[in-house]
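Engineer: Provided below are the primary sequence and the corresponding predicted coordinates.
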Amino acid sequence: MPTDQPLDICVNTQTPLLLFPQAESPDSVPVRPPDSQLLSQLEEGVDYRFSPGGVTRMVYPLLRRLHRDKLLGEAHWVSLNPYAPREVRLEDLTLHNVALPPERLAAYGNVKETIWGTVHGLRQEDGSGNLFWSDDFSEYAYYNRLTAELIHSLDAKYDFDLFYIHDFQQLAIGEMLGTLKPKLFRWHIPFAASDIPESWRPAMTGYLNRYDTVVVSTDRYLAQLKEFGYTGRAVKLYPYLDETEYSVPPPDEVRATVQRFGVEPEDRVALVVARMDPQKAQDRAVRALARLARRHPSLKLLLVGDGSFSSAKTGLGLSKSARWRDALAGLARQLHVEGRVLFSGHVTQRELDACYERCDFTLLPSVREGFGLVVVESWLHRKPTIVSKYAGVAELVQHRQNGLLVDPENTRALADRMEALLTDPEGLGRKLAERALETMRLCTMEAASRAEALLLEEAVSG
Amino acid sequence: MTFPPLAFWIPYIYFAVILLVTWAVGRLAGVLLGRGIGQSMPQVSAAAGRLGTVVVWLIGGTFAIQELGVSADVLLLVVFILGVAGVVALREPLQNLGARYFSDIYTPFRLGDTVSVAGYSGKVIEINPITTVLLSEKDTLISVPNSLFVREVVTNTSPQAWREVNVPFSIGSSVNLARFESDLRKSLGKLRLRLDPRFPPVLVTRARSAQSTDLTVTVLIRQPEERDAVTAEVSKRVAELVAQSQLSRR
């Protein structure tokens, strides 16, 4: 990057990098965490754990990479984290945590779920535009303003070069910051103008147009963003993962790990890695499994994943993941495949690697998906994938070349594609996996850090 | 060394007591005036409060000085002459400053709008305390004294300009802005039948100082004939919240 000085940057995401257990006093009153802590004095797994979710999995490695390359000076990361210390210092990064009172948290959660569900095509807004006038939206604005004020105070202290705001939960921050400095916004979820109610358009374009640059994940979203009325600089950047975070555990470890989840040595395994959420459409995979159950008696469906930050008790406390898991278990019973649908819950990175290594192929049956980095993970582990045509990553998949595309609403087609991979693993399966390795390189940290560095530099220098 | 008798100290005690009372009355007047005027014009509530405090201090100070045996007449005369001289000498800039101050309330345009005034037209690109700068179609800058916008007919040709109602106001810097905004949105939500539902209120920070934060809330109305009524109602609601926020700080 041709800038003379390292950039001082403030990143903002809803989901925090670290989750802290909610400490309680003996009389069950939440204990307020200390104001400031050093991460080096805390123990992972005991005092904190890393958040699940694609956004933090992208942002943190990126910041580390930019630091390593001496492109960053001060780096601060503001996020919503009700039970965390106000500030946590890492080696090259300071985390700032925003706390919301429970009553405001619930109302904020309602709004973000409404936006999220609508943009993912899972719910219909009534068209009256009342969302933006609702009392709940006042709490969404409260959270955004609280965050913007914290960022403003940090800016007064550190004089940042730019602000990098992530995702729809923070949409109003650009307007609220009221700064002349560059503001970048990354929209991580799908962007389809047709899914956004007409009555929302003026407010949303108003918020979006307060950002100098908006980044989306695919070419399709880019075209839609411009059509929607965004007039600033629109950029497409594929989401990415840090390949150095992944490893291949030895066979014994793989066997032992998946056995804990119910996978036996003779089983064929179809793997879905996704949080427990209706949008991830694991139910389609269960239905497809039921279609194949008789012809492939050793086939099992392994569902890896737990709730998101929104579902976690240490996050927003919305309980949708537990409800969805119960629904999936009920569906499996109803279709008589209950012993063949396995739930792993939350897994560590090492366990995730073991699941990928053990599976025969992976599925991404989501009815909407901003991108779908799990497909890239699957490619990294040289596993063939079946990808929903509604996922952003489908833009990179050429049917029968580097993956299999499917309409997740069509469970017969999904079952057919699973069968194709079960019956021809060495031919079709191997071909897809090998070709996908090339595609995977578009979504690696190596490629993305260069693109992100250029993006930041252009945002600052114009 | 002998300690002076009590009679010696009495004027000084009166002096101190008067200053103390002046301080208390000044604060009270500031709050009451700010709140009273702010009910109808939140934009000037802070200024009205400050003016009230200054007047009370002027009167109280005069009384206090007299207790020390110093004639306040000369002091008042000097202040008066200096004031008149200042007003005469700075008449033009003061007119512009005043017009700038009140343009927030009365002049229906803002940055980015296209306006015409006294034969000059252009896009408003800067509003400073003395002039408003227009960018003409020929790409030239036109600096128009602010006072002209109060004296002359102003035409705002921006599309839908009639819809926009801007209410500028100030809150103390110690007020929790997030809570204020949340309350303001809830309050303005009660007027949504009179407002364009596609455009929720926008609250913009215009300036910050150690003492206060200057903000503008913008809403869009549905019916042109309701502009006056909606402006008054939004102003009233803002003023009420400003007053509440002063009472319950962070």
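Structural biologist: Received, thanks.
Engineer: just how off-centre is the stretch of helix or strand residue B:26 belongs to within its chain?
Structural biologist: The secondary structure element spanning residue B:26 is helix B:6-38 (assigned by DSSP states H and E). Its chain's C-alpha centre and that of helix B:6-38 lie 24 Å apart, by CA atoms, centre = their mean, to the nearest Å.
Engineer: that one - contacts with which helices or strands?
Structural biologist: Using 3 or more CB pairs under 8 Å, 6 or more residues apart in numbering or on different chains; DSSP states H and E as the contact criterion, the neighbours of helix B:6-38 among helices and strands are helix B:45-67, helix B:227-247. Where you see a C-beta, it was placed from the backbone N, CA and C, and this is true even at glycine.
Engineer: between the ones you listed, which one is nearest to residue A:78?
Structural biologist: With CB to CB as the criterion, residue A:78 lies closest to helix B:227-247 of the helices and strands packed on helix B:6-38, at 24.3 Å.
Engineer: okay if I get the helices and strands packed on helix B:6-38 as TSV plus mean pLDDT, mean neighbour count and distance to chain A?
Structural biologist: Formatted as TSV, the entries for those read as follows, by pLDDT from 0 to 100; neighbours: other CB atoms under 10 Å in any protein chain shown; distance: least, CB to the nearest CB, whole Å:
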stretch	mean pLDDT	mean neighbour count	distance to chain A
helix B:45-67	78	18	20
helix B:227-247	90	18	12
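Engineer: closest to residue B:114 out of these?
Structural biologist: Across the helices and strands packed on helix B:6-38, the minimum distance to residue B:114, taken as CB to CB, is reached by helix B:227-247, at 19.1 Å.
Engineer: mind splitting the chain into its structural domains?
Structural biologist: This is for chain A. Chain A is divided into the following domains under automatic domain parsing: A:7-240+A:444-461, A:243-443.
Engineer: chain B was what I was after
Structural biologist: Split by automatic domain parsing, chain B gives B:6-89, B:105-156, B:161-247.
Engineer: how far does the longest one sit from its chain's centre?
Structural biologist: Its chain's C-alpha centre lies 15 Å from the corresponding centre of domain B:161-247 when counted by CA atoms, centre = their mean.
Engineer: assign a three-state SS to residue A:76, would you?
Structural biologist: strand (DSSP: H, G, I helix; E, B strand; the rest coil).
Engineer: could you tell me the angle between the helix holding residue B:26 and helix B:45-67?
Structural biologist: Here helix B:6-38 runs at an angle of 160 degrees relative to helix B:45-67 (axes from the mean of the first three to the mean of the last three CA atoms, to 10 degrees).
Engineer: quick one, helix B:6-38 and helix B:227-247 angle?
Structural biologist: 140 degrees.
Engineer: if we can go back for a sec, most neighbours per residue, which of the domains of chain B?
Structural biologist: Most buried of the domains of chain B by mean neighbour count (mean count of other CB atoms under 10 Å in any protein chain shown) is domain B:161-247; its value is a mean of 18.
Engineer: wait, does the top helix by length along chain A contact chain B?
Structural biologist: Within chain A, and with DSSP state H defining each element, the longest helix by residue count is helix A:135-158. Yes. Judged by CB under 8 Å from any CB of the partner chain, helix A:135-158 comes into contact with chain B at A:135, A:137-139, A:141-143, A:145-146, A:149.
Engineer: okay, these in JSON lines with pLDDT and neighbour count next?
Structural biologist: Supplementary listing: the residues of helix A:135-158 next to chain B in JSON lines, determined by pLDDT from 0 to 100; neighbours: other CB atoms under 10 Å in any protein chain shown:
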{"residue": "A:135", "pLDDT": "92", "neighbour count": "13"}
{"residue": "A:137", "pLDDT": "95", "neighbour count": "25"}
{"residue": "A:138", "pLDDT": "96", "neighbour count": "25"}
{"residue": "A:139", "pLDDT": "96", "neighbour count": "25"}
{"residue": "A:141", "pLDDT": "97", "neighbour count": "25"}
{"residue": "A:142", "pLDDT": "97", "neighbour count": "24"}
{"residue": "A:143", "pLDDT": "97", "neighbour count": "26"}
{"residue": "A:145", "pLDDT": "97", "neighbour count": "25"}
{"residue": "A:146", "pLDDT": "96", "neighbour count": "23"}
{"residue": "A:149", "pLDDT": "96", "neighbour count": "19"}
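Engineer: of these, just say which sits nearest to residue A:443.
Structural biologist: Checking the residues of helix A:135-158 next to chain B against residue A:443 by CB to CB gives residue A:143 as the nearest, at 30.8 Å.
Engineer: quick one: that closest one and residue A:104 touch, right?
Structural biologist: Yes. Contact status for residue A:143 versus residue A:104: in contact at 7.1 Å, counting by CB atoms under 8 Å.
Engineer: where's residue A:67 relative to residue A:90, distance?
Structural biologist: Summarising the geometry, the distance separating residue A:67 from residue A:90, computed by CB to CB, to the nearest Å, is 10 Å.
Engineer: ugh, typo on my part, it should be residue A:159
Structural biologist: Using CB to CB, which is the criterion applied here, residue A:159 is 21 Å from residue A:90.
Engineer: and residue B:6, which of the helices and strands packed on helix B:6-38 is closest to it?
Structural biologist: Going through the helices and strands packed on helix B:6-38 one by one, with CB to CB as the measure, helix B:45-67 comes closest at 15.4 Å.
Engineer: for that closest one, packing partners?
Structural biologist: Using 3+ CB pairs under 8 Å, 6+ apart as the contact criterion, the secondary-structure elements in contact with helix B:45-67 are helix B:6-38, helix B:72-89, strand B:164-172.
Engineer: go again using 10 Å as the cut-off
Structural biologist: For helix B:45-67, the contact count by 3 or more CB pairs under 10 Å, 6 or more residues apart in numbering or on different chains; DSSP states H and E identifies helix B:6-38, helix B:72-89, strand B:164-172, helix B:227-247 as packing neighbours.
Engineer: which strands and helices sit next to the second one?
Structural biologist: Packed against helix B:72-89, as judged by 3+ CB pairs under 10 Å, 6+ apart, are the following elements: helix B:45-67, helix B:91-106.
Engineer: what segments of the stretch 351-462 of chain A are strands?
Structural biologist: With DSSP state E, counting those that start in this stretch as the criterion, the stretch 351-462 of chain A has strands at A:361-364, A:385-388, A:404-406.
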